[in-house]
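Asker: structure for the following, please:
(one chain, ligands or ions: 1)
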Amino acid sequence: MATIIDGKSIAQEIREDIKTEVSALLSKHQTPPGLAVVLVGADPASTVYVRNKHKGCEEVGIRSFEYKLPEDTDEAKLLLLVEELNNNPEVNGILVQLPLPKHIDSEKIIHAINPEKDVDGFHPINTGKIMIGDDDCFYPCTPFGIQELISRYEDNLKGKHLVVVGRSNIVGKPIANMMVQKNEKANCIVTICHTAAPDISYYTKQADILVVAAGYPNTVTGDMVKEGAIVIDVGVNRAPHPEIEGKTKLVGDVNFAEVSVKAKAITPVPGGVGPMTITMLLKNTVKAYNLQNK
Ligand code: GUN
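Answerer: Modelled structure (predicted):
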């Protein structure tokens, strides 16, 4: 039976460290790190995420600036706000919650954020730096959290075969690029498989470390995993509750019951990757502050 990788308690440990660091920075510079979070519209999931980001900031002593704009905000107005935040020295990190309403070009907004304040790690300057292994960048929060979980469970990553299922710009591509670099938290042999593969199990069975970010429940079942693998489940899906009719339940992309019997370690859903994401955002905000106060 696999060890359960407890993302919640690891995230809490990291938050304690961030809190200590923020308190030292406040004594040194007299101003706390600042994070601006922009929400356009009232998408229920985004509203919850944004609220949790503010709570996280409060917990570690980061000052948060909240911008809630109406759904019909036009692109020019949002670009103006981004520019204002780029120029505000109290704001070290800028996060524009995605998805944006359809009439706004998300790419244009992401490109407008100063890469030195892009704590989401979505700006192409940061994406490019990740690819060439330049650590003077921001890693997107979910892959950053995944790397932290993996490196805490496996100290010798050199030469391990890491297989990623899914090629999204937010998870699949960045985690693959991060884990292929030559450093002690990476140095893996990396494969990305995706929907064009006739049979993803050909790849998943070879994984020492399997990162599943496909977006569908049950993408990886027990027969698709090697004995002793480390399995990171990035999925967040709503599925019908197995016991209560009419209710739903959060499930990942991995069939937990089957895979946990074969894996050496596995992340649960919820409580695995999820709690790490906002914690890494807080870490990125402190990194931004340090870069801007050199
Ligand atoms: N929406 C869902 N996840 C994220 C994230 O990591 N960053 C932003 N900006 N929006 C999101």
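Asker: how far away from the center of its chain is stretch 52-59?
Answerer: Put simply, stretch 52-59 sits 16 Å off its chain's centre (CA atoms, centre = their mean, to the nearest Å).
Asker: and the residue in the chain that the ligand sits nearest to, how many neighbours does it have?
Answerer: Nearest to the ligand, among the residues of the chain, is Leu98, at 3.7 Å (CB to the nearest ligand atom). C-beta: built from backbone N, CA, C; applies to glycine. Leu98: 15 surrounding residues under other CB atoms under 10 Å.
Asker: give the burial count for Leu79, as a bare number.
Answerer: Residues contacting Leu79 under the criterion other CB under 10 Å number 16.
Asker: please report the distance of the residue nearest to it when sequence neighbours are not counted from Tyr67.
Answerer: Distances taken as CB to CB, 6 or more residues apart in numbering put Ala112 closest to Leu79, at 5.5 Å, once the chain neighbours are dropped. As for Ala112, its distance to Tyr67 is 14 Å (criterion: CB to CB, to the nearest Å).
Asker: I'd assumed Tyr289 was in a helix, is it?
Answerer: Yes. Counting by DSSP: H, G, I helix; E, B strand; the rest coil, Tyr289 is found in a helix.
Asker: quick one: contacts for it?
Answerer: The contact partners of Tyr289, by CB atoms under 8 Å, 6 or more residues apart in numbering, come to 25, 33-34, 92-93.
Asker: let's see 7 Å
Answerer: Residues near Tyr289 by CB atoms under 7 Å, 6 or more residues apart in numbering: 25, 33, 92.
Asker: phi and psi next, for Gly159.
Answerer: Gly159 adopts backbone torsions of phi 80, psi 0, taken as degrees, to the nearest 10.
Asker: can you check Ile230 too?
Answerer: In this entry, Ile230 is assigned phi and psi values of phi -100, psi 130 (degrees, to the nearest 10).
Asker: assign the residue of the chain closest to the ligand to helix, strand or coil.
Answerer: With three-state DSSP as the basis, Leu98 sits in coil.
Asker: can you say which of the contacts of Tyr289 are buried?
Answerer: Among the contacts of Tyr289, those buried by neighbour count (16 or more other CB atoms under 10 Å) are 25, 33, 92.
Asker: and the first one, helix, strand or coil?
Answerer: Three-state call for Leu25 (three-state DSSP): helix.
Asker: counting by contacts, list what the helix or strand of the chain with the lowest mean pLDDT packs against.
Answerer: None of the helices or strands of the chain scores lower by mean pLDDT, DSSP states H and E than strand 237-240, at a mean of 92. Here strand 237-240 touches strand 248-251, going by 3 or more CB pairs under 7 Å, 6 or more residues apart in numbering; DSSP states H and E.
Asker: before we move on, the earlier item: now for the residue of the chain closest to the ligand: which residues touch it?
Answerer: Going by CB under 7 Å, 6+ apart, Leu98 touches Ser106.
Asker: how close does it sit to Phe138?
Answerer: In terms of CB to CB, Leu98 sits 15 Å off from Phe138.
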